[in-house]
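A.B. asks: My questions concern the predicted model and sequence given below.
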Amino acid sequence: MRYEMFLNTIVTIGHNRNSTIVKDLEKNIKRLDIDQLTETFQELRACRICPRDCNADRFSGKLGYCKAGAGFSISSICIHRGEEPAISGSKGICNIFFTHCNLQCIYCQNHQISCNTLDHSLQHMSLQEVIRQIVAILSTGINMVGFVSPSHYVPQVKVIINALRTLGLNPVFVYNTNGYDRPEVIRSLESYIDVYLPDFKYSDDGLGKKYSDAKDYPAIALASIQEMLRQKGTALPLDASGYAQKGIIIRHLVLPGHPENSIGVLRMIAGELSNELHISLMSQYYPTHQVMHHDFLGRKLKWKEYSIVVNELERLGFENGWVQELESADHYRPDFEREEPFR
Ligand code: SF4
């Protein structure tokens, strides 16, 4: 067993930027051919990027389910040190937190940025500004860039990666998704993404519908992770400092009152994918004010129900990954109204 405990705890922003690199790249950032880079945005004219299949013109006011437009609506670009050790290690990862979401989980731990009914109009950035902020973080020595909740912004993700590559920057790109992705869209990311970090939230269609408005979640998540597996296999090669270079880590957040759902997810992964995949079992759930009085979701996870899931993980023969400490729920409280959401 190579399971380790990790705490999703302290996150800070580094300020030791290499200003020479930033200055040198600034000339090239100004020269980025925005029109050419954003050509791929045409698919947002009749958006079928995710399984919601809205066919919405995201350039118009008539938006789809996710309410996301055709620009770069980003709540935060920051260094995050609270991910799995192979992702954020001690240096951290440059995470790009997109606004809106194609799932609307009633318990969402990042609801400040993901809720589609909120006004996110102040969070639009230009591509150059996005690139500038990423470059500033990469100049501190960080070599991983993570796209968080990217499923409804895949064309924007490709444009950001292309722009960074145009500047000669090739960090490890991480696709940190809720798992509700079209498999063909995941196929289109093959040459862009190095590490997939998908959630696998539900094995139960009813819970998918009740909690995330997506009855087909289990089948969709399974199919999209199958495509990730085709691309990357089960191995997770690390560099000398312990950072993943490519591969897949499947995350599963255990919900209070639903150990049977978690057991079902683990059985689907072992049965339909592989028990050699890296699993990140997470206990950091905490009730947001939206579900404070919910019968199941209105409390934190209990050790007894968490241990049932951990035991099943072992029984199924998973040997790669991480099991989060139960106390993590006390440490994971992002506030996206702060400049540094995780501090
Ligand atoms: S990305 Fe948004 S607009 Fe496009 S299909 Fe999904 S929910 Fe609909």
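C.D. replies: Perfect, I can see it now.

A.B. asks: from the stretch 51-200 of the chain, which residue is nearest to the ligand?
C.D. replies: G64 (2.4 Å; CB to the nearest ligand atom). In short, each C-beta sits where N, CA and C put it, glycine included.

A.B. asks: What parts of this protein come near the ligand?
C.D. replies: Within the chain, the residues that sit near the ligand (CB under 6 Å from any ligand atom) are 47-50, 52-54, 56, 64-66, 68, 102, 152.

A.B. asks: which of those residues count as buried?
C.D. replies: For the residues of the chain next to the ligand, a neighbour count by 16 or more other CB atoms under 10 Å gives the buried set as 47-50, 52, 54, 56, 64-66, 68, 102, 152.

A.B. asks: Tell me which other helices or strands the longest strand belonging to the chain touches.
C.D. replies: Determined from DSSP state E, the single longest strand within the chain is strand 72-80. Secondary-structure packing of strand 72-80 (3 or more CB pairs under 8 Å, 6 or more residues apart in numbering; DSSP states H and E): strand 93-98, helix 111-114, strand 124-125, helix 127-138.

A.B. asks: quick one: low-confidence parts of this protein?
C.D. replies: Along the chain, the parts satisfying pLDDT under 70 run over 1-21, 328-343.

A.B. asks: got the residue ranges for the strands in it?
C.D. replies: Using DSSP E, strands in the chain cover 4-6, 72-80, 93-98, 124-125, 144-148, 172-177, 195-198, 247-253, 278-282, 321-324.

A.B. asks: Output these in TSV, with mean neighbour count appended to each entry.
C.D. replies: TSV is the format used below for the strands of the chain (neighbours: other CB atoms under 10 Å):
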stretch	mean neighbour count
strand 4-6	13
strand 72-80	22
strand 93-98	26
strand 124-125	15
strand 144-148	24
strand 172-177	23
strand 195-198	25
strand 247-253	23
strand 278-282	23
strand 321-324	22
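
A.B. asks: I113: which of those strands is closest?
C.D. replies: When these are compared by CB to CB, strand 72-80 sits nearest I113, at 4.0 Å.

A.B. asks: If I take that closest one and strand 144-148, what angle do their directions form?
C.D. replies: 130 degrees (axes from the mean of the first three to the mean of the last three CA atoms, to 10 degrees).

A.B. asks: Just checking: what are the partner strands of strand 72-80?
C.D. replies: strand 93-98 (antiparallel), strand 124-125 (antiparallel) (DSSP bridges).

A.B. asks: Throw those into CSV and include distance to K210, thanks.
C.D. replies: As requested, the strands paired with strand 72-80 are arranged in CSV below (distance: least, CB to CB, whole Å):
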stretch, distance to K210
strand 93-98, 25
strand 124-125, 33
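
A.B. asks: Of all those, which one is nearest L236?
C.D. replies: That would be, of these and by CB to CB, strand 93-98, which comes in at 15.1 Å.

A.B. asks: Can you name the residues in contact with the longest helix seen in the chain?
C.D. replies: Assignment by DSSP state H gives helix 217-232 as the longest helix of the chain. With contact meaning CB atoms under 8 Å, 6 or more residues apart in numbering, helix 217-232 is reached by 51, 103, 177, 179-183, 186-187, 190, 195-196, 198-205, 208, 214, 246-248, 250, 268-269, 272-274, 277.

A.B. asks: in it, what's buried?
C.D. replies: 217-218, 220-225, 227-229, 231-232.

A.B. asks: and what of stretch 185-194?
C.D. replies: Under 16+ other CB under 10 Å, the buried positions of stretch 185-194 are V185, I186, S188, L189, Y192, I193, D194.

A.B. asks: Contact partners for the third one?
C.D. replies: Taking CB under 8 Å, 6+ apart, we find S188 in contact with V154.

A.B. asks: ok, now how distant is it from V22?
C.D. replies: Using CB to CB, to the nearest Å, S188 is found at 31 Å from V22.

A.B. asks: quick revisit: out of the strands of the chain, the one nearest N28 is which?
C.D. replies: Using CB to CB, those put strand 144-148 closest to N28, at 17.3 Å.

A.B. asks: what angle sits between the closest one and helix 127-138?
C.D. replies: 130 degrees.

A.B. asks: Please compute how far strand 144-148 lies from its chain's middle.
C.D. replies: 8 Å (CA atoms, centre = their mean, to the nearest Å).

A.B. asks: That one - contacts with which helices or strands?
C.D. replies: By 3+ CB pairs under 8 Å, 6+ apart, strand 144-148 packs against helix 85-88, strand 93-98, helix 154-166, strand 172-177.

A.B. asks: could the ones you listed be laid out in CSV, adding distance to D119?
C.D. replies: Shown next, in CSV, are these (distance: least, CB to CB, whole Å):
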stretch, distance to D119
helix 85-88, 31
strand 93-98, 16
helix 154-166, 20
strand 172-177, 24
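
A.B. asks: Including distance to P237, could the strands of the chain go into JSON lines?
C.D. replies: What follows is the strands of the chain, written out as JSON lines (distance: least, CB to CB, whole Å):
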{"stretch": "strand 4-6", "distance to P237": "18"}
{"stretch": "strand 72-80", "distance to P237": "22"}
{"stretch": "strand 93-98", "distance to P237": "17"}
{"stretch": "strand 124-125", "distance to P237": "33"}
{"stretch": "strand 144-148", "distance to P237": "14"}
{"stretch": "strand 172-177", "distance to P237": "11"}
{"stretch": "strand 195-198", "distance to P237": "10"}
{"stretch": "strand 247-253", "distance to P237": "7"}
{"stretch": "strand 278-282", "distance to P237": "11"}
{"stretch": "strand 321-324", "distance to P237": "15"}
